[in-house]
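In: Give me the fold of what follows.
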Amino acid sequence: MNRNPDTPRTTGRFPYALVRRAALRRPVLAGALGLALLTACDTEAGSGTGDAQSSGSPRHTTPPRGNRTGEASPGTGTRAANTALLKAARTGDADAVRAALADGAALETRDEHARTPLLLASLGDHVAAARELVRAGADPNAQDERDDSAWLVTGVTGSVEMARALLPAEPDHTVTNRFGGTSLIPAAERGHVGYVREVLRTTDIDVDHVNKLGWTALLEAVILGDGGRDHQKIVALLLEAGARPDLADKDGVTALRHAEQRGYDALAELLRTAPADAPET
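Out: The predicted structure is shown next:
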């Protein structure tokens, strides 16, 4: 579901209540409805997906919106160098990234959608270009006009290699996107098994973070997943990491109940046999 990062996207509020009602009244269709609505609201590469986590999250270094591509500010490099860096990051040309930086391009220059070079590289899964930017000190938490960051979109693309490339930059795992989502929730929803495993293994991300829909990663994997093998693996990984199966959504419905309503027997069995509380730390 990756999209061209240059494709204009419309904005608007996400209809959280509509998805919640669908989940309760027509559980079989809720996943499809949620995915369709989330896709309609998503940004480039589908970033920001159907996750939405608690509001009031940190926001990082978003400049005034509407800047022209590569527009230079005092002390931030020439417009030509900045434009060259943005293009190199967007196309994944690591050599051109190095050249633009050597020419004095601003590492955190923004395009017309307030996307940094590192965010553009992450959206395109251009790992080599991202590594060059990380070595130069690029900020993995810098958010664009739609609250996406280089780290957050890895949960949408599911790129383990990009996640590994960004980890040396020490991304802040409490930063959330416009839906309030950390990277774990969209990854759980989309069935990115390898990514979920890697993030749970290498970071201290909050496995029980609650989004604006009132869903944890576990709830979203059940509600918007398809109940298949990938989502079964993800549910198992989340439970092993201490995710609480007893946490209900805003309507008081647990992951187990959602699984039963959808006929996801394998997921339901995993949830029935899981401990009700997270392990002591």
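In: which secondary structure element contains Leu247?
Out: Following DSSP states H and E, there is no helix or strand that holds Leu247.
In: for it, what are its contacts?
Out: Contact analysis of Leu247 by CB atoms under 8 Å, 6 or more residues apart in numbering lists Asp208, Val210, Thr216, Leu218, Leu219, Thr254, Ala255. For glycine as for every other residue, the C-beta is placed from the backbone atoms N, C-alpha and C.
In: how close does it sit to Thr174?
Out: 18 Å (CB to CB, to the nearest Å).
In: Which helix or strand in the chain has the lowest average pLDDT?
Out: helix 27-41 (a mean of 49; mean pLDDT, DSSP states H and E).
In: For the helix or strand following it, buried residues please.
Out: Proceeding N to C from helix 27-41, the next assigned helix or strand is helix 79-91, under DSSP H and E. For helix 79-91, a neighbour-count test (16 or more other CB atoms under 10 Å) marks Arg79, Ala81, Asn82, Thr83, Ala84, Leu85, Leu86, Lys87, Ala88, Ala89, Arg90 as buried.
In: Check stretch 219-232 too.
Out: Neighbour-count burial for stretch 219-232 [16+ other CB under 10 Å]: Leu219, Glu220, Ala221, Val222, Ile223, Leu224, Gly225, Gly227, Asp230, His231, Gln232.
In: Identify the farthest-apart pair in the residues you listed.
Out: Leu219 and Asp230 (16.6 Å; CB to CB).
In: so where's the stretch 151-281 of the chain uncertain?
Out: For the stretch 151-281 of the chain, the stretches flagged by pLDDT under 70 are 276-281.
In: try it again with 50
Out: The stretch 151-281 of the chain contains residues with pLDDT under 50 at 278-281.
In: can you give me the helices in it?
Out: For the stretch 151-281 of the chain, the helices defined by DSSP state H, counting those that start in this stretch cover 154-157, 160-166, 184-190, 193-202, 217-223, 229-240, 255-262, 265-272.
In: how about TSV for these, with distance to Ala121 added?
Out: TSV is the format used below for those (distance: least, CB to CB, whole Å):
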stretch	distance to Ala121
helix 154-157	11
helix 160-166	8
helix 184-190	19
helix 193-202	17
helix 217-223	25
helix 229-240	26
helix 255-262	35
helix 265-272	35
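In: between those, which one is nearest to Ala105?
Out: helix 160-166 (19.5 Å).
In: Please save the CA atoms from the closest one in PDB.
Out: The C-alpha atoms that make up helix 160-166 are tabulated as PDB, following Å, rounded to 0.1, in the frame of the first residue of the first chain:
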ATOM      1  CA  VAL A 160      12.900  -3.700   9.500                       C
ATOM      2  CA  GLU A 161      16.000  -2.400   7.700                       C
ATOM      3  CA  MET A 162      14.800   1.200   7.900                       C
ATOM      4  CA  ALA A 163      14.000   0.800  11.600                       C
ATOM      5  CA  ARG A 164      17.500  -0.600  12.200                       C
ATOM      6  CA  ALA A 165      18.900   2.300  10.200                       C
ATOM      7  CA  LEU A 166      17.100   4.900  12.300                       C
END
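In: Just the buried positions in it, please.
Out: Per 16+ other CB under 10 Å, helix 160-166 contains these buried residues: Val160, Met162, Ala163, Ala165, Leu166.
In: List the contacts of the second one.
Out: When the contact criterion is CB under 8 Å, 6+ apart, the partners of Met162 are Ser122, Asp125, Val127, Ala130, Thr154.
In: now with 6 Å?
Out: Met162 makes contacts with Ser122, Asp125, Val127, Thr154, as judged by CB atoms under 6 Å, 6 or more residues apart in numbering.
In: what residues are up against Ala134?
Out: Just so we're on the same page, residue 134 is Val rather than Ala. Pro168, Ala169.
In: Check the gap between it and Gly227 for me.
Out: From Val134 over to Gly227 the distance is 37 Å, taken as CB to CB.
In: sorry, back to before: quick check, nearest of the buried residues of helix 160-166 to Gln143?
Out: Nearest member of those to Gln143, counting by CB to CB, is Leu166, at 14.2 Å.
In: Nearest residue to the closest one in space, ignoring adjacent ones along the chain?
Out: Pro140 (4.8 Å; CB to CB, 6 or more residues apart in numbering).
In: State the distance from that neighbour to His173.
Out: From Pro140 to His173 the distance is 10 Å (CB to CB).
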